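>>> Sequence and predicted structure are below.
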Protein chains: 2
Amino acid sequence: MYTILQEQILKRVKLTKEEFALAKTYFIPKKVRKRQFILQEGEICKSLAFISKGCLRNYSVDDKGEEHIIRFGIEGWWISDLHSFTTGSPSMSSIDAIEDSELLLLEKSSYDKLCAAIPKIEHYFRILLENTNSAAMKRISDLISVPAEERYLNFLKTYPEITQRVPQSQIASFLGITPQSLSRIRKDLAEKK
Amino acid sequence: MYTILQEQILKRVKLTKEEFALAKTYFIPKKVRKRQFILQEGEICKSLAFISKGCLRNYSVDDKGEEHIIRFGIEGWWISDLHSFTTGSPSMSSIDAIEDSELLLLEKSSYDKLCAAIPKIEHYFRILLENTNSAAMKRISDLISVPAEERYLNFLKTYPEITQRVPQSQIASFLGITPQSLSRIRKDLAEKK
DNA sequence: AAAAATTGTTAACCTATGTTAACGGAAGTT
DNA sequence: AACTTCCGTTAACATAGGTTAACAATTTTT
């Protein structure tokens, strides 16, 4: 269960076996079933969740009750409502499982202690956050400058695994369009060829 | 010139005078005039820029030659193309000055050395990146779920200073709409009252 | 196996936003 | 002061994407 976590960390910093063994003790394993929440809007996000298996989504709900997917997460990714987690304020988004999943939870106090105990872990998170940030900026850039059809094609290229695992309506939601629009776009693309 | 930097760092971590004096030595001051580039698309982003005075923008240019503002930066903020900076790959965005500005540049090698030399600075950047990330996620959430009119109102509330300092056409660009659309939205808002 | 819920598609119609173009005022330049 | 560029507004028209609703296919639940 910790293998993927170890791999992901070793990609970015060189931890000894001993250091990793110590790091492991800060995490709490948790299994969740499909559709189960790990965070509901209004709750405080108490943990960063490392996904060792499965697929989850982070989404917000608008005035009309429509869900908008802020991000997906699969094996090897972290998922949380970072704003709620870091500030301790109520979350404005929810997180639930798209598939039965296995998580390693890192609570706020553990996160702080772990970063203080092993500086290389703080370094790991700094690098991780740099990467997450780059991806977020790319997504923002796309949302303000790239038409939906092209955003869809980019999505297929960037996240082929996710494409296979989640319903199209959720990909539409992630892209910021309705499922009907995505269906129309797919039809147009099929005709073009 | 370093006062604002010191304030911003002290907000997040407690540095001694000596540590800050050491940290200062890693930065290179630079003044830029309005319209001057600090990064052009295709170049490698060699520095993180701390803005001690002025206002800059980070933007991309689409196929049609339209500019899309990814983010603004004013006093106390950092600006860069983080993806290019961290990976050393050519940037897909540009950064230029909206006003005459004063910067403190932190080159990649200095950034790495500084974080290694003063762990509290690495901690500072980790926290900074957490905050930047939260803001980016909020913006993504808005772009996929909030109509343009409301995004504009949110912008006015969130960035009142920027509203005063940049042309409306650039705010439109940041919001992901055309200047004409923003003008129309403003007209509608004025009529509603 | 039957019933219910979820998913993807299509179509008719509607609305927000983009496009193009023109105008006037403000600001910057010579 | 004259000239030029930039800026915001408006209007007519075009279009991408949203809305509503119906239907079939699939999956899940009973």
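Done, it's in. All values derive from a computational prediction rather than experimental measurement.
>>> in which helix or strand would I find A:Met137?
Using DSSP states H and E, A:Met137 falls within helix A:119-145.
>>> Kindly calculate the angle that that helix makes with helix B:119-145.
Helix A:119-145 and helix B:119-145 are oriented at 30 degrees to each other (axes from the mean of the first three to the mean of the last three CA atoms, to 10 degrees).
>>> Give the buried residues for helix A:119-145.
Using 16 or more other CB atoms under 10 Å in any protein chain shown as the test for burial, helix A:119-145 gives A:121-130, A:132-145. (C-beta placed from N, C-alpha, C; glycine too.)
>>> Out of the residues you listed, which are close to DNA strand D?
By CB under 7 Å from any atom of the strand, no member of the buried residues of helix A:119-145 lies near DNA strand D.
>>> For the helix or strand of chain A with the lowest mean pLDDT, name the packing helices and strands.
Least confident helix or strand of chain A, by mean pLDDT, DSSP states H and E, is helix A:179-192 with a mean of 88. Judged by 3 or more CB pairs under 8 Å, 6 or more residues apart in numbering or on different chains; DSSP states H and E, helix A:179-192 is in contact with helix A:148-158, helix A:168-175.
>>> Which among those helices is found nearest to A:Lys108?
Nearest of the helices and strands packed on helix A:179-192 to A:Lys108, taken as CB to CB: helix A:168-175 at 27.2 Å.
>>> quick one: contacts of that closest one?
Under the contact criterion CB atoms under 8 Å, 6 or more residues apart in numbering or on different chains, helix A:168-175 has outside partners A:57, A:59, A:67-69, A:71-72, A:98, A:148, A:151-152, A:155, A:162-163, A:178-179, A:181-183, A:186, B:144.
>>> filter those residues to the buried ones?
Neighbour-count burial within the contacts of helix A:168-175 applies to A:57, A:59, A:68-69, A:71-72, A:98, A:148, A:151-152, A:155, A:162, A:182, B:144; the criterion is 16+ other CB under 10 Å.
>>> and chain A, what are its domains?
For chain A, automatic domain parsing gives the domain ranges A:3-145, A:147-193.
>>> Please convert those to JSON lines, extending it with distance to B:Phe20.
Formatted as JSON lines, the domains of chain A follow (distance: least, CB to CB, whole Å):
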{"stretch": "domain A:3-145", "distance to B:Phe20": "20"}
{"stretch": "domain A:147-193", "distance to B:Phe20": "41"}
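>>> Distance from stretch A:20-37 to the middle of the chain?
For stretch A:20-37, the separation from the chain centroid amounts to 15 Å (computed by CA atoms, centre = their mean, to the nearest Å).
>>> Check which residues of it are buried.
Buried residues in stretch A:20-37, counted by 16+ other CB under 10 Å: A:20, A:23, A:26-27, A:32.
>>> Of those, which is the nearest to DNA strand D?
For those, the residue nearest DNA strand D by CB to the nearest atom of the strand is A:Val32; the value is 14.4 Å.
>>> Might you list the low-confidence residue ranges for chain A?
Applying pLDDT under 70 to chain A flags the ranges A:192-193.
>>> which one of the buried ones among the contacts of helix A:168-175 sits closest to A:Ser109?
Minimum distance to A:Ser109 across the buried ones among the contacts of helix A:168-175 is 24.7 Å, recorded for A:Arg71 (CB to CB).
>>> which residues touch the least confident helix or strand of chain A?
Helix A:179-192 is contacted from outside by A:148-149, A:152-153, A:168-169, A:171-173, A:175, A:177, using CB under 8 Å, 6+ apart.
>>> Could you rerun that using 10 Å?
A:147-153, A:156, A:167-175, A:177-178 (CB atoms under 10 Å, 6 or more residues apart in numbering or on different chains).
>>> Is it possible to mark the buried ones in those residues?
Of these, these count as buried by 16+ other CB under 10 Å: A:148-149, A:151-152, A:170-175, A:177.
>>> Name the nearest of those relative to B:Leu106.
Among the buried ones among the contacts of helix A:179-192, A:Arg151 lies closest to B:Leu106 (CB to CB), at 33.1 Å.
>>> pretty sure that closest one is touching A:Asp142, no?
Yes. Using CB atoms under 10 Å, A:Arg151 makes contact with A:Asp142 at a distance of 5.5 Å.
>>> Ramachandran coordinates for A:Leu39?
Dihedral pair for A:Leu39: phi -150, psi 130, per degrees, to the nearest 10.
>>> What is the neighbour count of it?
With neighbours defined by other CB atoms under 10 Å in any protein chain shown, the count for A:Leu39 comes to 23.
>>> Just list whatever residues bridge to it.
Listed by DSSP bridges, the beta-bridge partners for A:Leu39 are A:Ile95.
>>> Which residues are in contact with it?
Counted by CB under 10 Å, 6+ apart, A:Leu39 has contacts A:45-47, A:49, A:56, A:58, A:79-81, A:84-85, A:91, A:93-96.
>>> Name the residues of chain A found near DNA strand D, please.
Chain A comes close to DNA strand D at residues A:64, A:66, A:147-149, A:176-178, A:180-181, A:184-185, as judged by CB under 7 Å from any atom of the strand.
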